[in-house]
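Participant: This is a predicted model, with the sequence first.
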Amino acid sequence: MPHPQTRKYNVNILGAGVSGLSTALTLLEKGNYSVKIIATHLPSDLNIDYTSPWAGAHWRSFADIADLAQQELDTVTYNRLAYLAENEPEAGIMYLTGHDYWEVKPKDFEDVWFKRLLKNYRYIPKEELPPGIEFGTTYTTVSINSPKYLLYLQEKILKLGGTLERGTVSSLKALARIPHHNKDHTKADIVINCSGLGSRTLGGVHDHQMFPTRGQVVIVKVPDELWPKAKQYTMEQYAEGSCMGAGTVTYVIPRDNGEIILGGTMEHWNYQEAPCELTTKAIFERVVATKPDLFSKATILRSCVGLRPNRCGGVRISAAVDQLDWNEGWNPNVLVVAHNYGHAGFGFQSSVGCANKIVEQIEGCLEELESVRSQARTMAKL
Ligand SMILES: Cc1cc2nc3c(=O)[nH]c(=O)nc-3n(C[C@H](O)[C@H](O)[C@H](O)COP(=O)(O)OP(=O)(O)OC[C@H]3O[C@@H](n4cnc5c(N)ncnc54)[C@H](O)[C@@H]3O)c2cc1C
């Protein structure tokens, strides 16, 4: 692996959520990039403007049966998370059994695409379904202790020579100006916007397709004797009239630290930071009604709120050679400007796939970058 000072391209990444960290790690593993992350919030911070630590999170793909591109992103990520569950306990990933419950079986029910990917996919026999559930499926999946996983990614990045710097930037131009401390040159060759919901207000982006989808969760513990069973159990329950990922969704996601996340809400355009007490009560009651043997004696530790970075047009993964400041005239300061944001409720479960995809797109721009820079050097002399 090249020493950080001899790496060819300087990269400034905006954002230290799961998207920014995964992108940074993918670049660093390639060896040819010097990577600096700049972010207002860093792993172990808790803030409403930093979604990642609030995520449940488990792998339960929402990709449509025809959406092969999203399926690929989710598949690559699942395979990586499964590897971590088996080999690197410090990542905070564990295997468990997923359950999808429908209060009313959808008329047009189709098997999910990932029945080919996950082990042990099957329909739950009627006699094993909880009260109030008409239809259900089960499969092996993983849960992610999101704050722990962010710290794990940060640690990996630091080990590979990447850096993280706390700071707020107002625009892509300002991001590009943050210097590196390399021998040859200090300027960024590549900037990557992984600012999640921040992309709504970031200068040079101002993406008004971005909006928050508020998620309130309740964090509980069960009595010690129930934990061995509880840590194996994750579920999503869909109310009548709702489909996967929309409408009222009730869910349970245990983490490897003994805490269990109960959800939830999906409230578009709601920025309210404070948890609502009535919602906490409603979520808890819904979960207890479905699984009284595990949760009727659970203790509520706290309620939390996170804002999913949703985007009308879907996730934005793009890269192009660009000159951010045309007032500079012809000059070799063109760079690759890339974006990886808008992951709504699937930022963890597609994180590795999205990071691979953006890095692939960036690498596809490098030849053009060199050629445009060389032309600009010539033009600047004329
Ligand atoms: C309740 C809840 C449950 C969820 N459950 C799941 C789940 O089960 N599975 C799943 O895959 N996903 C889940 N998600 C979704 C997941 O959390 C998000 O998709 C993901 O965290 C988005 O990560 P991100 O890195 O894009 O954004 P963020 O984590 O919000 O990171 C954005 C970063 O950009 C920085 N930033 C923004 N603007 C600026 C600026 N101008 N200057 C400097 N820094 C800036 C911030 O400080 C931060 O570091 C859930 C979310 C919620 C709220």
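Facilitator: It's in.
Participant: burial count for whatever residue of the stretch 101-250 of the chain ends up closest to the ligand?
Facilitator: Of all residues in the stretch 101-250 of the chain, the one sitting closest to the ligand is G198 (2.4 Å; C-beta to the nearest ligand atom). In short, each C-beta sits where N, CA and C put it, glycine included. Look at G198: counted by other C-beta atoms under 10 Å, it has 24 neighbours.
Participant: That one touches D49, doesn't it?
Facilitator: Yes - if you go by C-beta atoms under 8 Å, G198 and D49 touch, sitting 7.1 Å apart.
Participant: joint contacts of these two?
Facilitator: Residues touching both G198 and D49 by C-beta atoms under 8 Å, 6 or more residues apart in numbering: T40.
Participant: mind listing what K126 touches?
Facilitator: K126 touches nothing, counting by C-beta under 8 Å, 6+ apart.
Participant: The stretch 201-350 of the chain: strands as residue ranges?
Facilitator: 210-221, 233-238, 249-254, 260-263, 267-268, 299-311, 316-322, 335-341 (DSSP state E, counting those that start in this stretch).
Participant: Burial-wise, tell me which of the ones you listed comes out on top.
Facilitator: Of the strands of the stretch 201-350 of the chain, the one with the most neighbours on average (mean count of other C-beta atoms under 10 Å) is strand 335-341, at a mean of 26.
Participant: re earlier: make TSV from the strands of the stretch 201-350 of the chain and add mean pLDDT to it.
Facilitator: Output for the strands of the stretch 201-350 of the chain, formatted as TSV (pLDDT from 0 to 100):
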stretch	mean pLDDT
strand 210-221	97
strand 233-238	95
strand 249-254	94
strand 260-263	97
strand 267-268	94
strand 299-311	98
strand 316-322	96
strand 335-341	97
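Participant: Would you reformat those strands as a markdown table and include distance to the ligand?
Facilitator: Converted to a markdown table, the strands of the stretch 201-350 of the chain look like this (distance: least, C-beta to the nearest ligand atom, whole Å):
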| stretch | distance to the ligand |
| --- | --- |
| strand 210-221 | 3 |
| strand 233-238 | 9 |
| strand 249-254 | 6 |
| strand 260-263 | 6 |
| strand 267-268 | 10 |
| strand 299-311 | 3 |
| strand 316-322 | 10 |
| strand 335-341 | 5 |
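Participant: So this protein: which segments form each domain?
Facilitator: 4-49+148-209+312-381, 94-142+211-311 (automatic domain parsing).
Participant: Can you say which of those is packed in most?
Facilitator: Sort those by mean neighbour count, taking mean count of other C-beta under 10 Å, and domain 4-49+148-209+312-381 sits at the top with a mean of 19.
Participant: That one: how far from the chain's middle?
Facilitator: 16 Å (C-alpha atoms, centre = their mean, to the nearest Å).
Participant: For stretch 200-212, C-alpha coordinates in CSV please.
Facilitator: Extracted in CSV, the C-alpha atoms of stretch 200-212 (Å, rounded to 0.1, in the frame of the first residue of the first chain):
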residue,chain,number,x,y,z
ARG,A,200,-30.6,20.4,0.9
THR,A,201,-28.7,23.5,2.0
LEU,A,202,-25.1,22.9,0.9
GLY,A,203,-23.9,25.5,-1.6
GLY,A,204,-23.4,24.2,-5.1
VAL,A,205,-25.9,21.4,-4.4
HIS,A,206,-29.1,22.8,-2.9
ASP,A,207,-30.9,19.7,-3.7
HIS,A,208,-34.6,20.4,-3.0
GLN,A,209,-35.5,16.8,-3.8
MET,A,210,-34.1,16.0,-0.3
PHE,A,211,-36.5,15.9,2.6
PRO,A,212,-36.6,14.3,6.1
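Participant: quick one: V218 from Y233, how far?
Facilitator: Applying C-beta to C-beta, to the nearest Å, the value for V218 to Y233 is 16 Å.
Participant: still on that earlier bit, mind putting the strands of the stretch 201-350 of the chain in JSON lines, distance to L84 included?
Facilitator: Listed next are the strands of the stretch 201-350 of the chain as JSON lines, based on distance: least, C-beta to C-beta, whole Å:
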{"stretch": "strand 210-221", "distance to L84": "23"}
{"stretch": "strand 233-238", "distance to L84": "17"}
{"stretch": "strand 249-254", "distance to L84": "17"}
{"stretch": "strand 260-263", "distance to L84": "19"}
{"stretch": "strand 267-268", "distance to L84": "31"}
{"stretch": "strand 299-311", "distance to L84": "22"}
{"stretch": "strand 316-322", "distance to L84": "22"}
{"stretch": "strand 335-341", "distance to L84": "20"}
